[in-house]
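A.B. asks: Structure for this input, please:
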Amino acid sequence: MVELAAIVDTLHEANRQSGKDHYQLVLLSERAEPLRSSAGPRILPDASLAEFTKPIDTLIVLPAARGHALPGTADTIAWLRRTAPDTRRYGSTCTGAFILGAAGLLAGRRVTTHWQFADELAARHPEAIVEPDSIFIRDGAMFSSAGVTAAFDLMLALVEEDLGRETALAVAQFFVLFLKRPGGQSQFSAQLAAQFSGKEPIQDALRRVNENLRGDLSVGRLAREAGMSERNFARAFARETKMTPAAYVELARVDAARRLLEEQKLPLQRIAVASGFSTMQAMRRALVRQLGATPREYRERFGSALADADVDL
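C.D. replies: As a prediction, this is how the structure comes out:
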């Protein structure tokens, strides 16, 4: 229900903030009958797919069920295949991407979904370009968002596209949300990724990284402390965390830098050193790679005003 609330509330608030009814929402389902949500409460659609014949500007496909990658029914897929090309834009939230795929709408398209189902989406639809870390993606007329609350990020982006930054910012402020997380921001942090490992040597290595960001975190050093060869350590690490040791170290350092940028007015040089980066330029390259934003851009979006001593990157 979070995804539905994100769509309904964001567009309703955009109408209120702009003073005009730019958006008219219609909830469609295969049959115009009450739907039992995965959270329990029932939802009443406005019309069935067959009944609704008006033009559709923006078509958004919700997940069929929370925690499941369901492809939708044959009738829904057929309707979507016919209807989506005639809209101005169409897309999905969370695992709704599987329904787009079943309708043949993902071929050659960049798409994201809940990180937990990204591998499955890529396996079912090799014709798609699945980007598991993205918060949301816009590829031509098609858009998609990651899991659950990422629907808010997507909807704010669509409102900004339609009505401008001022209205989108007013909506975000009303909901006490950031206007814009970078679209490429990772869906989960280094700390969350660390929880996926069940092997004690790898858990110890992850903990060592998070507690010693300014230290020597080379593969050789981590392997020696784990009592393993570099080759075996790198393989075990990748198997447990789905990333290389170097990638995890960078993600952990970016996490640290991100928090400092959000919470402190420290000069960027001090943030780079505190986060374990050798130079400000190294921090800049890592943030652009992981978050799609420079340190200055990230701080402007999420942090307090820059201190006078800050260096413009």
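A.B. asks: now the strands for the stretch 51-200 of the chain?
C.D. replies: Ranges of strands in the stretch 51-200 of the chain, per DSSP state E, counting those that start in this stretch, are 58-61, 89-92, 110-111, 129-130, 136-139, 142-145.
A.B. asks: Among these, which comes closest to residue 80?
C.D. replies: Within the strands of the stretch 51-200 of the chain, the stretch nearest residue 80 is strand 58-61; the backing value is 6.9 Å (CB to CB). No exception for glycine: its C-beta is placed from N, CA and C like everyone else's.
A.B. asks: Point to the residue nearest the middle of the chain.
C.D. replies: Here the mean C-alpha position of the chain is nearest to the C-alpha of residue 135 (CA atoms, centre = their mean), at a distance of 1.7 Å.
A.B. asks: Check that residue and give its pLDDT.
C.D. replies: For residue 135, the pLDDT comes out at 85.
A.B. asks: Quick one: closest of the strands of the stretch 51-200 of the chain to residue 293.
C.D. replies: strand 136-139 (14.7 Å).
A.B. asks: Partner strands of that closest one and their direction?
C.D. replies: strand 142-145 (antiparallel) (DSSP bridges).
A.B. asks: average pLDDT across the partner strand?
C.D. replies: Strand 142-145 comes out with an average pLDDT of 96.
A.B. asks: Can you pull out the residues in contact with that strand?
C.D. replies: 89-94, 96-97, 100, 105, 109, 111-113, 135-137, 151, 153-154, 158 (CB atoms under 8 Å, 6 or more residues apart in numbering).
A.B. asks: show me where the stretch 101-250 of the chain has helices.
C.D. replies: With helices called from DSSP state H, counting those that start in this stretch, the stretch 101-250 of the chain shows them at 118-124, 150-163, 165-174, 190-194, 200-211, 219-226, 230-241, 245-263.
A.B. asks: Return the most buried member of those.
C.D. replies: Mean neighbour count (mean count of other CB atoms under 10 Å) peaks for helix 150-163 among the helices of the stretch 101-250 of the chain, with a mean of 23.
A.B. asks: can you list contacts of that one?
C.D. replies: By CB under 8 Å, 6+ apart, helix 150-163 touches 2-3, 6-7, 10-11, 14, 18, 22, 58, 89, 91, 93-94, 135-136, 138, 143-145, 167-168, 171-172, 175, 177, 179-181, 183, 187.
A.B. asks: How far off centre is that helix?
C.D. replies: Relative to its chain's centre, helix 150-163 lies at 13 Å (CA atoms, centre = their mean, to the nearest Å).
A.B. asks: follow-up on the earlier one: tell me the most buried of the strands of the stretch 51-200 of the chain?
C.D. replies: Mean neighbour counts for the strands of the stretch 51-200 of the chain (mean count of other CB under 10 Å) peak at strand 142-145, with a mean of 27.
A.B. asks: Where does residue 3 sit, in terms of helix or strand?
C.D. replies: In this assignment (DSSP states H and E), residue 3 forms part of helix 2-18.
A.B. asks: buried ones in that helix?
C.D. replies: Buried positions in helix 2-18, judged by neighbour count with 16 or more other CB atoms under 10 Å: 2-4, 6-7, 10-11, 13-15, 17-18.
A.B. asks: Against which helices or strands is that helix packed?
C.D. replies: Counting contacts by 3 or more CB pairs under 8 Å, 6 or more residues apart in numbering; DSSP states H and E, helix 2-18 packs against helix 150-163, helix 165-174.
A.B. asks: Just want the angle from the first one to helix 165-174.
C.D. replies: Same thing as helix 150-163. 150 degrees (axes from the mean of the first three to the mean of the last three CA atoms, to 10 degrees).
A.B. asks: Output helix 150-163 as CSV, restricted to C-alpha atoms.
C.D. replies: C-alpha atoms of helix 150-163 as CSV (Å, rounded to 0.1, in the frame of the first residue of the first chain):
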residue,chain,number,x,y,z
ALA,A,150,11.3,4.8,-3.7
ALA,A,151,7.9,5.4,-5.2
PHE,A,152,7.9,8.8,-3.5
ASP,A,153,11.2,9.7,-5.2
LEU,A,154,9.8,8.7,-8.6
MET,A,155,6.6,10.7,-8.1
LEU,A,156,8.4,13.8,-7.0
ALA,A,157,10.6,13.6,-10.1
LEU,A,158,7.5,13.3,-12.3
VAL,A,159,5.8,16.3,-10.6
GLU,A,160,9.0,18.3,-11.1
GLU,A,161,9.0,17.3,-14.7
ASP,A,162,5.4,18.4,-15.1
LEU,A,163,5.0,21.4,-12.8
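A.B. asks: and the angle for that helix with helix 2-18?
C.D. replies: 30 degrees.
A.B. asks: Quick check: mean pLDDT of helix 150-163?
C.D. replies: 93.
A.B. asks: please begin residue numbering at 18 from this point
C.D. replies: Got it, the first residue is 18 from now on, which makes the last one we talked about helix 167-180.
A.B. asks: Contacts only, for residue 72.
C.D. replies: If a contact means CB under 8 Å, 6+ apart, then residue 72 has residue 103 as its contacts.
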